[in-house]
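> Fold the following for me, if possible:
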Amino acid sequence: MADTLKTLICPACGKEMEKVFIPKEGINIDICTQGCGGIYFDNREFKDFDEKDEDISIILEKLNNKEFTTVDQNAERHCPNCGAKMVKNHSSISHAVEIDECYNCGGKFLDREELVKIRSEYDTEEQRSEDVLKYVYSQVGEEISKVNRKHAESVASRTMGQKLFYKILGL
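This is a model prediction of the structure:
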């Protein structure tokens with residue numbers, strides 16, 4: 001999806017968001033510089049800013065030395081780009097940071113400080129992916145164990161039933 005060029009209204013505090021051009025990426029990031037300090041990323045923009053080695057100095061510069069409005073973290077939020085209800089999700093498998101995502105247009109809204117917290121979770125994308133794989137493997141292993149347990153219980157139950165049946169018949 002293309003960079004949103006219209007002026008956006010912050011989904012957390014209702015203030016107008018400022019377009020901040022990031023030359024290296026050639027995109028605008030929407031930052032609530034006069035309200036709560038939230039940041040909105042259009043679809044696929046966030047991946048260019050979520051790792052420690054990616055430059056966010058322009059974003060931090062816009063947020064430095066400002067006082068921000070406190071917002072209700074639990075309030076329902078609507079996407080500033082398309083208006084759809086945003087969904088609360090976690091930034092990683094560790095569930096350390098909760099972010100707002102739009103399933104309609106793919107935008108992501110981060111409250112003040114969340115970008116820095118997300119960047120501190122992992123050193124590289126490989127570590128993040130490795131953590132996801134470990135989680136998936138643990139869940140798959142758990143499901144296999146459940147299936148094996150149920151199968152063993154089923155076999156034991158049938159065997160016990162057969163023994164009882166044979167005993168009743170006197171065989």
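
> all contacts plus neighbour counts: C-alpha atoms, from now on.
Fine.

> Would you state the strands of this structure in chain order?
18-22, 27-31, 39-41, 87-90, 98-101, 108-110 (DSSP state E).

> Roughly how far does the closest residue to Ser91 other than its chain neighbours sit from Asn28?
In space, and not counting its chain neighbours, Ser91 is closest to Val97: 5.6 Å by CA to CA, 6 or more residues apart in numbering. When distance is defined by CA to CA, to the nearest Å, Val97 is 24 Å away from Asn28.

> Leu5 too?
8 Å.

> Comparing the two, which residue is more hemmed in?
Asn28 (19 against 12; other CA atoms under 10 Å).

> Please name the spatially closest residue to that one (chain neighbours excluded).
Per CA to CA, 6+ apart, closest to Asn28 is Phe21, 4.3 Å.

> Next, give phi and psi for Ser91.
phi -70, psi -20 (degrees, to the nearest 10).

> Count the neighbours of it for me.
20.

> Figure out which of the strands of the chain is closest to Asp55.
strand 18-22 (9.5 Å; CA to CA).

> buried ones in that closest one?
For strand 18-22, burial by neighbour count (16 or more other CA atoms under 10 Å) applies to 18-19.

> And the contacts of stretch 25-37?
Stretch 25-37 is contacted from outside by 3-5, 8, 10, 12-22, 38-42, 48, 59, 62-63, 68-71, 111-112, using CA atoms under 8 Å, 6 or more residues apart in numbering.

> if we can go back for a sec, check what pLDDT the residue nearest to Ser91 gets.
Val97 carries a pLDDT value of 92.

> For Ala84, give me its contacts.
With CA under 8 Å, 6+ apart, Ala84 has these contacts: 78, 102, 104.

> With respect to Asp55, which of those is nearest?
Cys102 (24.4 Å).

> so that closest one makes contact with Lys88?
No: counting by CA atoms under 8 Å, Cys102 sits too far from Lys88 to count as a contact (9.0 Å).

> how much space between Lys88 and Leu133?
In terms of CA to CA, Lys88 sits 22 Å off from Leu133.

> same check, this time on Gly107
Applying CA to CA to Gly107 and Leu133 gives a distance of 25 Å.
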